[in-house]
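Undergrad: here are the coordinates; sequence isn't available:
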């Protein structure tokens with residue numbers, strides 16, 4: 001059974017009000033000044049300035065910002081990660097802290113994540129003599145991409161520095177309007193899906209619509225590919241093995257009386273097991289090649305292998321859930337049975353270090369915080385950051 005230092009958490013709770021006041025101000029500043037992808041220089045500058053003012057040691061980093069708070073044992077580390085990037089979305093909220101950057105907004109709560117970790121850093125630095133080991137603070141860009149995102153780059157940097165092997169556990173939090181304010185969600189095993197992107201080109205032979213027998217209709221063949229894959233997913237996949245094959249683009253044809261010479265099919269594959277991921281990709285290629293060959297067409301298949309499945313470590317989940325119960329109350333900590341089909345590049349850290357990723361409930365219908373992530377009206381109840389800050393502190397201070 002995990003023993004939690006409730007005296008420390010009581011101290012953190014007592015010292016929280018000014019930290020929360022600062023966290024709200026920081027969050028609103030970041031919300032007004034969003035940065036997308038790897039282009040987070042101004043956000044990184046703010047983080048470095050705040051850590052420096054707190055007297056926290058900055059570590060050289062090829063990307064993002066890393067700092068360390070020295071504990072009693074510097075041969076081991078507990079890592080806390082927050083993402084910093086926004087999304088290329090035009091904000092539609094009418095709030096004083098609305099985005100000032102056209103076409104960019106924090107539509108996934110990363111402004112809150114950065115603010116929570118800065119708040120936790122302030123409290124942990126004040127109690128550094130009580131920390132059992134070093135605390136590594138990771139502020140990461142490009143969780144939303146492009147391509148494979150920033151986590152794998154920062155992880156590679158840690159490995160090159162010989163620091164990854166010192167990390168005992170790593171933790172991440174995500175504000176989630178799917179769950180009400182005050183709720184904390186944990187899950188054993190797979191927490192978020194893998195994500196691969198496919199781009200298929202069917203190459204036929206165009207011609208006059210009145211002479212279809214002299215053509216190879218790429219549009220018709222493309223439609224067969226889509227229905228065949230839908231049939232494969234519904235009839236060959238275990239219905240209890242969560243996986244998605246989703247076509248987002250189907251383009252073919254140039255005129256009503258012309259048989260299409262080419263067709264493009266593009267979309268995404270989401271899975272909760274790496275074995276399932278490999279099986280779907282293999283069978284997709286077999287089906288596409290088989291249908292195209294059967295109708296005399298050629299094809300080109302391009303696959304962008306994306307993020308791995310985010311898999312939580314059992315002991316790390318038990319530990320983080322125990323901390324969350326002390327912060328929010330046992331009745332407010334939910335153990336989820338199903339993962340989400342969205343992706344999270346924290347998965348790269350979780351592949352290398354025992355990890356736990358938690359949802360922090362931030363929805364509040366009474367205040368109008370009901371819109372989910374990646375929407376132009378997304379916003380969250382800032383009171384949720386209080387739980388996040390306390391949990392981050394508890395996770396760092398109770399590691400053995």
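TA: That came through fine. Being a predicted model, the structure only gives us computed values, none of them experimental.

Undergrad: what is the neighbour count of residue 8?
TA: Neighbour count for residue 8, taken as other C-beta atoms under 10 Å: 19. Backbone N, C-alpha and C define where each C-beta goes, glycine included.

Undergrad: that one against residue 127, yeah?
TA: Yes: under the criterion of C-beta atoms under 8 Å, residue 8 makes contact with residue 127 at 7.0 Å.

Undergrad: what residues do the two have in common as contacts?
TA: Residues touching both residue 8 and residue 127 by C-beta atoms under 8 Å, 6 or more residues apart in numbering: residue 397.

Undergrad: surely residue 181 and residue 364 touch.
TA: Yes: using C-beta under 8 Å, residue 181 is in contact with residue 364, at 4.7 Å.

Undergrad: so for those two, which residue has more residues nearby?
TA: Under the criterion of other C-beta under 10 Å, the comparison of residue 181 against residue 364 puts residue 181 first, with 22 against 19.

Undergrad: any idea how far that one lies from residue 74?
TA: For residue 181, the distance to residue 74 equals 37 Å [C-beta to C-beta, to the nearest Å].

Undergrad: quick one, strands of the stretch 101-250 of the chain?
TA: Here the stretch 101-250 of the chain has its strands, by DSSP state E, counting those that start in this stretch, at 134-140, 167-180, 184-186, 189-192, 194-203, 207-208, 243-252.

Undergrad: out of those strands, which one sits most buried?
TA: Of the strands of the stretch 101-250 of the chain, the one with the most neighbours on average (mean count of other C-beta atoms under 10 Å) is strand 134-140, at a mean of 26.

Undergrad: that strand vs strand 167-180, what angle?
TA: 50 degrees (axes from the mean of the first three to the mean of the last three C-alpha atoms, to 10 degrees).

Undergrad: each with direction, which strands does strand 134-140 pair with?
TA: strand 65-69 (antiparallel), strand 77-83 (parallel) (DSSP bridges).

Undergrad: got TSV for those strands, with mean neighbour count too?
TA: Shown next, in TSV, are the strands paired with strand 134-140 (neighbours: other C-beta atoms under 10 Å):
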stretch	mean neighbour count
strand 65-69	23
strand 77-83	26
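
Undergrad: make JSON lines from those strands and add distance to residue 384 and mean pLDDT to it.
TA: JSON lines is the format used below for those (distance: least, C-beta to C-beta, whole Å; pLDDT from 0 to 100):
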{"stretch": "strand 65-69", "distance to residue 384": "23", "mean pLDDT": "98"}
{"stretch": "strand 77-83", "distance to residue 384": "14", "mean pLDDT": "98"}
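
Undergrad: for residue 288, find the nearest of the ones you listed.
TA: strand 77-83 (35.0 Å; C-beta to C-beta).

Undergrad: what's in contact with that closest one?
TA: With C-beta under 8 Å, 6+ apart, strand 77-83 has contacts from 68, 110, 113-114, 116-117, 120, 133-141, 143-144, 150-151, 163, 166-173, 346, 349, 353, 392, 395-396, 399.

Undergrad: one more: stretch 25-38?
TA: Against stretch 25-38 from outside (C-beta under 8 Å, 6+ apart): 41-43, 46, 50, 63, 84-88, 96-101, 104-106, 111-112, 114-115, 118-119, 141-142, 144-146, 150, 382, 385.

Undergrad: over to stretch 310-317?
TA: Contacts of stretch 310-317 (C-beta under 8 Å, 6+ apart): 169, 171, 186-193, 343-344, 346-347, 350-351, 354-357.
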